[in-house]
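[1] build the 3D model from these lines:
(one chain, ligands or ions: 2)
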Amino acid sequence: MTKNIAVLPGDGVGPEVTNEAIKILKVIEKKFDHQFFFTEGSIGAVAIDKTGTPYPKKTHELCINSDAILFGAVGDSKYDNDPTAKVRPEQGLLKMRRALELYANIRPINTFLSLINKSPLKKEIVKDANFIVVRELTGGIYFGKKGRSKDKKSAYDICSYSKKEIIRVAKIAFELANKRNKKVTVVDKANVLETSRLWRETIHDQVTHNSSPITVEYMFVDNAAMQIIKNPRQFDVILTENMFGDILTDEASVITGSIGMLPSASIGKKIALYEPIHGSYPKAAGKNTANPIGSILSAAMMLDYSFGLKKESQTIYKAVEKTLSQGFGTKDIVKKNPLSTSELGNAIINFI
Ligand code: IPM
Ligand code: MG
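    Ligands and ions are numbered 1, 2, ... in the order given. Alright, predicted model coming up:
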């Protein structure tokens, strides 16, 4: 199989972890006789430095002409501490999500048995926790009108959703649940927010019907935040809007022992994008210490979801599992003799 992969390493630890994912893809390419072509594009703070914009036109063109996108992270502390900055690295990611219509973000939360003691939660609570969060990614408060009053003393961010936006992401969650344990938990704040009430009404009217094999449950987001750490095993697929999904997936990631482990897929009309959920982690940038597993498993998701290469994808998962079970890991998951980013990538390659 021949595929063109756009590689957008971005900022912070993005380039280091993405590099390990590419190393792994090159090994898979050889082993299974495929041809992957990698073309790099810039995004985020590095793109601002180079071109003045966080999502240059050239990067967009590269993306739309590729078969899938492997993305690292965006964000730089020099912007975090400057609320007046007009251009910000994160705008690049948001612009790209919108321009490529990546409306559904799929974040699987699995526990690796060998890491169970690394979770801040008790073993009996996290064992066998396995669920997927489907986060709406191109609507809600992230993309609503925002601004300041004339006197600059008040500000607003509008949260709005249309039925169309709700239906298309809900369909993805229901399709995933249908292949799993057939349960969707819709997380919202319908006791307060009108947009949440529209979500409930739409899902009730459009997506659920009598013949549907899926059980639908509705849960308020504050309760969901509690349930995720109290009893994560109750969930199969969580479906939620943009900002709740952002917050809950960071929370859920620690169930696995480290946010560095978690991959994600953002899918939409055509092309899909794969990225670790951990972000740019500027403090660790260039130190060769970040955990590359989130990026490596994102590459595995790409092989499965975008190219239909299930065997190849499973090969990566199994190699990661073996590597972890032998006690190898970066310093976020291993205290004694942790490996560097590139050493962990090499260890995983050995098991492939
Ligand atoms: C994520 C990140 C982004 C988001 C930031 C970098 C804009 O936190 O992908 O979860 O909030 O969506
Ligand atoms: Mg986030």
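
[2] packing partners of the helix or strand harbouring Ser342?
    Per DSSP states H and E, Ser342 falls inside helix 341-351. Secondary-structure packing of helix 341-351 (3 or more C-beta pairs under 8 Å, 6 or more residues apart in numbering; DSSP states H and E): helix 14-31, helix 293-305, helix 310-325. For the C-beta atoms, the positions are set from N, CA and C on the backbone; glycine is no exception.

[3] show me the contact partners of stretch 152-163.
    Contact with stretch 152-163 is made by 136, 139-141, 144-149, 193, 195, 198-199, 202, 206, 241, 243, as judged by C-beta atoms under 8 Å, 6 or more residues apart in numbering.

[4] mind doing that once more with 7 Å?
    139-141, 144-148, 195, 198-199, 202, 241 (C-beta atoms under 7 Å, 6 or more residues apart in numbering).

[5] pipe those into a markdown table and attach secondary structure, distance to ligand 1 and pLDDT per row.
    Formatted as a markdown table, those follow (DSSP: H, G, I helix; E, B strand; the rest coil; distance: C-beta to the nearest ligand atom, whole Å; pLDDT from 0 to 100):
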| residue | secondary structure | distance to ligand 1 | pLDDT |
| --- | --- | --- | --- |
| Gly139 | coil | 12 | 98 |
| Gly140 | helix | 11 | 98 |
| Ile141 | helix | 11 | 98 |
| Gly144 | coil | 14 | 97 |
| Lys145 | coil | 18 | 97 |
| Lys146 | strand | 14 | 96 |
| Gly147 | strand | 19 | 96 |
| Arg148 | strand | 20 | 95 |
| Thr195 | helix | 17 | 98 |
| Leu198 | helix | 21 | 98 |
| Trp199 | helix | 19 | 98 |
| Thr202 | helix | 23 | 95 |
| Glu241 | coil | 12 | 98 |
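
[6] just the buried residues of the residues you listed.
    139-141, 195, 198-199, 202, 241 (16 or more other C-beta atoms under 10 Å).

[7] before we move on, back to that, and the contacts of stretch 152-163, which two are the farthest apart?
    The span of the contacts of stretch 152-163, defined through C-beta to C-beta, is set by Arg148 and Thr202 at 32.0 Å.

[8] against which helices or strands is the helix-or-strand element of the chain with minimal mean pLDDT packed?
    The weakest-scoring helix or strand in the chain, judged by mean pLDDT, DSSP states H and E, is helix 77-80 (a mean of 88). Helices and strands touching helix 77-80, by 3 or more C-beta pairs under 7 Å, 6 or more residues apart in numbering; DSSP states H and E: there are none.
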